[in-house]
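S.K.: Pasting the sequence and the predicted coordinates here, then a few questions.
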Amino acid sequence: MDVLAGEEVKARPHSKVGLKFNRVVKAGKATALSVSVYPPHPEGKFLGEVFDITATAEFSGVVTVELSFDGEGLTEAQKKKLRVYRNDLKKYSVWEDVTFSIDTKNNIAYGVTDHFSVFGVR
């Protein structure tokens, strides 16, 4: 998916992943690939897919990562407890909570990051 230079730039590199860059300095591409091999989260399984998100676009500030999730069978209270986690997949890295907000009506979890790596909802 192409990422254009500018302010408040949006990209959708996967049907379940959206990105909103505060500022893109140099245009590039963004990808979001579903991955099946990743470190386990110490508190249990992820809800749905885990994505390896990358971008060649150069940006400043933060990026809001939007992850759609299957909320079927979850109560409103359970949805509100969901979190977005990021793991850099480096030695000694851990799952870091980067949650910004949870849209329980539309089943979308939002996280904020200053770099890309692997992201999941649990």
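M.R.: Structure's in. What do you need? These numbers were taken from a predicted model, which means no experiment stands behind them. Numbers count the residues shown, from 1 in each chain.

S.K.: For Lys80, see how far away Val17 is.
M.R.: Separation of Val17 from Lys80 (Cβ to Cβ, to the nearest Å): 21 Å. All C-beta atoms are positioned from the backbone trio N, CA, C, and that covers glycine.

S.K.: More neighbours: which of those two?
M.R.: Higher neighbour count among Val17 and Lys80: Val17, with 22 against 10, using other Cβ atoms under 10 Å.

S.K.: So the more buried one sits against Val65, correct?
M.R.: Yes: at 7.2 Å, Val17 and Val65 qualify as touching, with contact defined as Cβ atoms under 8 Å.

S.K.: so what sits against both of these two?
M.R.: Ile53 (Cβ atoms under 8 Å, 6 or more residues apart in numbering).

S.K.: need the strands for the chain, in chain order.
M.R.: 2-3, 6-14, 17-26, 28-35, 50-55, 58-68, 84-87, 96-97, 99-103, 108-113, 118-121 (DSSP state E).

S.K.: Tell me which of those strands lies nearest to Glu43.
M.R.: Distance to Glu43, taken as Cβ to Cβ, is lowest for strand 84-87 among those, at 9.5 Å.
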